[in-house]
Every structure is written in C-alpha cells, then in structure tokens.
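Chemist: sequence and predicted structure, then a few things I'm wondering about:
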Amino acid sequence: MSPAPSARSAPAIWRRVLATIAGFVLVALVAGMGARAQTGQTGASTAQESFEIGLSTNRIGITSDFNGATLTVFGAIGNADMRILRQQRYDIVVALFGPRAPVVVREKERFFGIWLNRAQETIRDAPNTYSVASTRELRDITSAATLRRLQLGIDNLRIDGSTPTLGETEMTEADRTRFDKALRQIKTGDDLYVQAVGSVRYQAAESTLFRAELVLPPDLATGEHVVRAYLFREGAVVGQQRQILTVRKVGFQAQVDQFATRYAFLYGVFAVALAIVTGWLGRVIFKRD
Amino acid sequence: MGSRAKLRLVFLHLPIAEISVNIFVIIGMGAAVGFLSGLFGVGGGFLITPLLIFYNISPAIAVATGANQVIASSFSGALAHYKRRTIDLKLGTMLLIGGTGGSLIGVWLFGLLRTLGQLDLAVSLLYVVLLGTTGGLMLNESIRSLIASRRSGGAPASLRRPGTHNWVHGLPLKMRFPASRLYVSVIPVLALGFFIGILAAIMGVGGGFIMVPAMIYLLRVPTNVVIGTSLFQIMFTAAVTTVLQAWTNQTIDVVLAFLLMIGGVIGAQFGVSAGRKLRGDQLRALLAILVLAVGVRLGLELVVEPDALYSLASPTGEVE
C-alpha cells in the first residue's frame, strides 16, 4: 500500500471499511454456494477447490482530482483442504493487465556530437499498465514455465503480440531485444509496471478469505483493464478467475476530451477566446495604466 | 508517486495532457514567466514551453499549449499599447499575413516531425540556435549601449540611427507605414512574419524575442512602436497557431493553458512595475542574459549524454 490513507477523510475510511466487509460477505456467500455445488458433484474425498473473486469496483472514472487509486480484489477459496491451508501451501496471484496497444521504443544515439533519436522498434502488444500481487515471491509459488504461460511477473509479460504455442522455444532474457528490455525498465521506473510481493493477504491465519490491494497510478490509461486471479495448490493452478475493470474519463474531463476531439476547430476557437477574456480581465482587475 | 497522493486537492488531472499536475506549480510557472514578460515586453512562450517539458508534459502538448497561453499575455499587453497608440496597425497586419502562412506550414511541419520522432530534437535545436544568436546579439548591443551611455554621462544611447540604410532598404515593392514613419519593401516584412509563424507553431512561442530585435535592427522601426506592434502580431499568430494545433494535432490542453494564464496575468502586473524602475539598455541586457541562459541550458541537454537513452511513444508519434 502507498502512504495514501494518511490524508483520507474519515467518511472515506468508513466507506472503505464497509466496502471491505460487504466484499467479504459477498465472496463468502458465492464461494459457499460454489463449494456446496461442487461437493455434490464430485464427492467429498477428491474435492476440488472452488475459487471466487470480486472487485471493490468494476468501473473507475477519471475525474479532475484523480490522482491514482487502489483497487481491492476480494476472494475466497471454497472447499479448501485444511491440511494444505495450515501448511500455507495455497498461493494466490492477482494480476491487472492494462489496455494493450502498440508502443514505439526509440533509442538515442550520438550523431555529430548531438544526441538524437535514431533506431526504433515497435512493440506490438504492450499493456499500458500492469500490476501483479501475490502471497509470496512468484518464483516460490510455481515453475518458471507456468509463470511465463500465465504472464505473471513483469519479466514474464508477453508484449510482442505473439500467442503462446505448445512446444515453443523458451524466450530467455538474452533473446529479448534491447527495446523490449528498455520498455519494461521504463514502465517499471514510472511505476506503471508494478510487482508487489505479499500484497495478497489472508483475512486471518488459516482463513480461506483473502484480499489483494492493487495500486493504480495517477496516469492510469482509459479502456478495459483485465483482472486475472489464480489459485495455486502446491505449485499447480487449481482455480482461475477473470474480471473486467473499465476505466474512462468522466464529468468535466470527458467533456473537455470529447469537445477537443469531436469539435476540434471549435475547441481551438474556444481556447483563443478564453485566452483573450483572461488577458482582458487581467487588465481590468489590475488597472495597470 | 506515493507522496504525490498525500495532497489530493492540490493536484489536478489534465484532460488532454492526461497527467496529474500540481496546480500551484503550474500557476507559479505562469506567474514567474508573466513577471518576466511584463518586465521585458515579450510573450514569454520561449520560457513556458521548456518549463512545461521539464515538468513532464509531453513536448507536443507543451508547445501547443504554450501558444495558447501566449495569446492571453500578448492581448493584455497589446491592449495597453493600443490605448497609448503605440501600435503600427498597417505594419502589424502585413506581418500577420506572413505569419498566417508561416503558421500553416509550421503546424504541418510539426505533425511531420512528430511522426518522424524528431520533434523534440527540432524544438531543442531551434531553441538553441535562435536563443543563442538573439541572446548573443542583444547582449553585445546592450553592453555597448551601456558603456556608451556611461561615457556620455547617463543619457541612454539611441538605438535608431536615422539615415543608415542596410540591404533591406534596397528591395522592391516599397510600402509606406505612416505610424512608424517608414518607407520599406513589404518583402522583408512578410518574410519576417512568415518565419515567426513557423516558429510559433513548432516552438510554441509568439516569437517576440526574434521579432523585437528584427524590427529594430532589420526594418529600423522606431523603438516606441516596436513592442506594441510585435505584441499585436504575436497575439494573432499565436491565435491562428492555437486553432490550427487544436484542429489538426489535438494538442491544446485548455485547463493547463488556463492555469498558466492566471499565473501569467498576475505575474505580468508586478513585472511591468518592476520594469519602470529600469532603463531600456539595462532591460535589454537582462533579457539577453535570460535568453542566452535558456539557450545554453537546452544546448547542454543535446550534447551531454542523456540519463535515459530510450523513450516510449505511441505509433502516431505522440510522446508518452
């Protein structure tokens, strides 16, 4: 968690607490039902775990005072094996993938004494933002191959637009282009790609309820963000969930943006008029002459 | 980023620039530049744009929004000069005709450079070359004039030497400009306007720092009408640029521009009263030093190895 709550007003805290409680109740109910349904199907002895998640919100509006936010993911493991739970061998990883789009990475080179953009490469499918939360260090949860397949961890993100194929040769660190590495580095440096170990917490020891806090940056991209959550049991995926988080500009922000793109010419005229009125008001108010 | 979350109210998320900025930093920037523009009678675009880029606003937005901000400060100034009748409207209109043509070409060039990925370089290079030369020339002139006035016992030396003609005065298509008591070819006037128009579009400046010396030294316009006329022309050129940028590149952030204007208008008031306490040649020397300093600072950035060799951009050329 970022140190954000220090400035939060009291009602906001209460809202959060209520949301948290409501989230847990909801998830527990859903999980309970799921678990019952499953026990009915498969019988108690070889019971499969059920895995449910819920988001604190499915919609985020970018307003004028938007300065980043926290997305809370609630979840529950249903029909958990108490022995494994006690040994803490259930692990949860929650990842938030921002909207994907092509990005051009440019490289500066010295040319006749001046540094200028020379080589460039288009990375075809890089998520704008990426945030992953886990109960433990990712490499302690499951194998490197699984992490790569599920794109868990900044280094395991697939950003070249290819789809995983069976038996493909493993991409190693050395195979990546310098542009690919630079993109990950820049995004990580700008806090747009975040990997937070231990940010998925169980409600209490031996509880099957958990929550994950994902920090959303102030420069959050608009569009559809995908939340993917995985439940691991001794390194194997036994449950997965997917949810959509929609981010869009709202209110004044959206109006200005729409005005600027739909009525571009009028918007320009308006900008000029605003400048003239401001300049004129300045004279009137201060009466310089 | 964690500490940024603490002061929630101070931050504003800009609708077009799409980043969160500190309101007071932006207003402060506007005020500081407004002070200087009130002091020296320039629009201040050449300071605003680099400052915005330094504050992580993408160069494309900084340049376009800078032009928008320039309108407010130059309108304010031009109004005062209009009341004092120190604007040569005919000369200003001719400059403006050239300027509009320049803006059209400039905005097109701006879009082209942006897709080529060389916009930042073009902006920086232009800044370095133009600020360096005008700053150098002005400093040289003002120091001579300071020395001359000290020798002659305090009377400031006149900039205009009547009777001295340069190559500009040999060109055809002569036109009379009564307010400036000038009889000169329209070719250099249109060319100067055209050139300033291109600069306004690519650099996000009104071009006052080029216009003022060019009018004094090249066209030999009397100093008392130079600033008013230049402000008049800059205001229109910046307005044309703003509309064109909004129309073709969608790079004007009205909220950002408005914050800068508020600061600028307030700062300018203090600048003007401070300016009254200084002599013309002293003012010119100070402006020259300021212009040179900005030029040198930007020049160093081009030559010194950058901290980050890689940068990200969207395929349309918009810098992220």
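Modeler: Cool, got the structure.

Chemist: look up how far chain A lies from the residue lying closest to B:P178 once chain neighbours are set aside.
Modeler: Computed as CB to CB, 6 or more residues apart in numbering or on different chains, the closest residue to B:P178 that is not its neighbour in sequence is B:K90, at 7.5 Å. Heads up, the C-betas are built off the backbone N, CA and C, glycines and all. Per CB to the nearest CB, to the nearest Å, B:K90 is found 22 Å from chain A.

Chemist: sec struct for B:K90, please.
Modeler: Taken by DSSP: H, G, I helix; E, B strand; the rest coil, the conformation at B:K90 corresponds to helix.

Chemist: what's the weakest-modelled helix or strand in chain A?
Modeler: Ranked by mean pLDDT, DSSP states H and E, the weakest helix or strand in chain A is helix A:10-42, scoring a mean of 55.

Chemist: tell me the strands beside the next helix or strand after it, with direction?
Modeler: Counting by DSSP states H and E, the next helix or strand C-terminal to helix A:10-42 is strand A:50-55. Sheet partners assigned to strand A:50-55 using DSSP bridges are listed as strand A:69-78 (antiparallel).

Chemist: extract the C-alpha set from the strand it pairs with and format it as CSV.
Modeler: Below are the C-alpha coordinates for strand A:69-78, written out as CSV (Å, rounded to 0.1, in the frame of the first residue of the first chain):
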residue,chain,number,x,y,z
ALA,A,69,-6.5,4.8,-6.7
THR,A,70,-6.4,1.5,-5.0
LEU,A,71,-8.3,-1.5,-6.4
THR,A,72,-9.2,-4.1,-3.9
VAL,A,73,-9.7,-7.6,-5.0
PHE,A,74,-11.6,-9.8,-2.6
GLY,A,75,-11.6,-13.5,-2.9
ALA,A,76,-12.4,-16.8,-1.2
ILE,A,77,-11.1,-20.4,-1.6
GLY,A,78,-14.1,-22.8,-1.2
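
Chemist: buried set for it?
Modeler: A:A69, A:L71, A:T72, A:V73, A:F74, A:G75, A:A76, A:I77, A:G78 (16 or more other CB atoms under 10 Å in any protein chain shown).

Chemist: sorry, back to before: what about the residue nearest to B:P178, neighbour count?
Modeler: 17 (other CB atoms under 10 Å in any protein chain shown).

Chemist: do the same with A:Y90
Modeler: So A:Y90, with other CB under 10 Å, has 23 neighbours.

Chemist: how about the contacts made by residue 197?
Modeler: I'll assume chain A. Contacts here follow CB atoms under 8 Å, 6 or more residues apart in numbering or on different chains; on that basis A:V197 touches A:S134, A:R136, A:E137, A:L138.

Chemist: that was the other one, I meant chain B.
Modeler: B:G98, B:G99, B:T100, B:G101, B:G102, B:S103, B:L104, B:I105, B:G106, B:T237, B:V240, B:T241.

Chemist: that one is in what secondary structure piece?
Modeler: Counting by DSSP H and E, B:G197 is part of helix B:186-203.

Chemist: need the buried ones from the contacts of B:G197 selected in PyMOL.
Modeler: Burial among those is assessed by 16+ other CB under 10 Å; the matching PyMOL selection reads:
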select buried, chain B and resi 98+99+100+101+102+103+104+106+237+240+241
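
Chemist: just the closest of the contacts of B:G197 to B:L182, please.
Modeler: B:G98 (16.2 Å; CB to CB).

Chemist: what's the closest non-adjacent residue to A:G75?
Modeler: Nearest to A:G75 is A:I53, by CB to CB, 6+ apart, at 4.1 Å.

Chemist: what about the one you found, distance to chain B?
Modeler: Relative to chain B, and taking CB to the nearest CB, A:I53 is found at 25 Å.

Chemist: so that residue sits against A:L245, correct?
Modeler: No: with contacts counted by CB atoms under 8 Å, A:I53 stays clear of A:L245, the gap being 11.8 Å.

Chemist: who wins for most neighbours among the contacts of A:V197?
Modeler: Ranking the contacts of A:V197 using other CB under 10 Å puts A:S134 first, with 24 neighbours.
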